[in-house]
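Asker: Here is the input, now give the coordinates:
(one chain, ligands or ions: 1)
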Amino acid sequence: MLRDYPTSEQPSGTAGDRPAAARPDFSAAAFGHLFPAPLMIFVWPDGAELNEELGTRILEHAERTPGLRKSNAGGWHSEVGRLEFCGDAGQRLVRHMFEMGDEATRRTIAELPSPPRMSRWEFRWILHAWVNVNGPGDFNRYHTHAGSTWSGCYYVDTGAPTDADGTELHFYDPCQGRANTFLQPMVPATHVVRPKPGMMVLFPSYMPHMVVPHQGARPRISIAFNLRKDPFP
Ligand SMILES: [Fe+2]
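Answerer: Model (predicted):
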């Protein structure tokens, strides 16, 4: 049975913060996290080489084509495809997207609290990728990527941000119940990633995110993508 501590035993506001000697021995307790959300961040070793070609090709393409309007407020959003206008570097980056999706999937399954019953899986990825070029004041609204499994972002140029923190990518807890009620403010409901050139960030497509307004000497160039498991979901 659970019971309240008598008021006299309860130090004010420090329920989880008693000295170890004053706590029962919980070393045999089972404790873990149910339904965690994966996040993978990796700086590709060939990023500098890729970014040289990607940057040139993207800016040339942005000059010639009008761009789309999606989550971007301002900025240029390319057509959605497999980076056909990015030459060899684009095709190498596409390969990296599949490699990262495979690795994140392997780790997600390997780290589940109880091993799944199936010993192997048969599916393929369907990739959709596009480029965002954000100039001064441009940003990407709060959104998720519907109809996909993993979503990711790769940084070609962080745009020489004037803000010391860079032009950050903000993630929000996809579980609104937790974000609104659970141990706030100790359990954070947001997470911030500071981009670096060559960095790839991969997250579940249901995880809400946004990009703050860019302020920098150059345009901020990033490549976003969706990997959709086929058969879906
Ligand atoms: Fe996005």
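
Asker: how about residue 55, phi and psi?
Answerer: phi -60, psi -50 (degrees, to the nearest 10).

Asker: Could you report the neighbour count for it?
Answerer: Per other Cβ atoms under 10 Å, the neighbour tally for residue 55 reads 19. No exception for glycine: its C-beta is placed from N, CA and C like everyone else's.

Asker: Could I get the contacting residues of it?
Answerer: 156-157, 221 (Cβ atoms under 8 Å, 6 or more residues apart in numbering).

Asker: tally of neighbours for residue 110?
Answerer: Residues near residue 110, counting by other Cβ under 10 Å: 9.

Asker: From residue 225, how far out is it?
Answerer: The gap separating residue 110 from residue 225 is 23 Å, by Cβ to Cβ, to the nearest Å.

Asker: Looking at the contacts of residue 55, state which has the most neighbours.
Answerer: Busiest of these [other Cβ under 10 Å] is residue 156, holding 29 neighbours.

Asker: what helices or strands is the worst-scoring helix or strand of the chain on mean pLDDT leaning on?
Answerer: One helix or strand of the chain scores below all others by mean pLDDT, DSSP states H and E: strand 72-73, with a mean of 75. On a contact count with 3 or more Cβ pairs under 8 Å, 6 or more residues apart in numbering; DSSP states H and E, strand 72-73 meets strand 139-143.

Asker: and the residue nearest the centre of the chain, helix, strand or coil?
Answerer: Centroid-nearest residue in the chain, with Cα atoms, centre = their mean: residue 203, separated by 4.1 Å. Secondary structure for residue 203, judged by DSSP: H, G, I helix; E, B strand; the rest coil, is strand.
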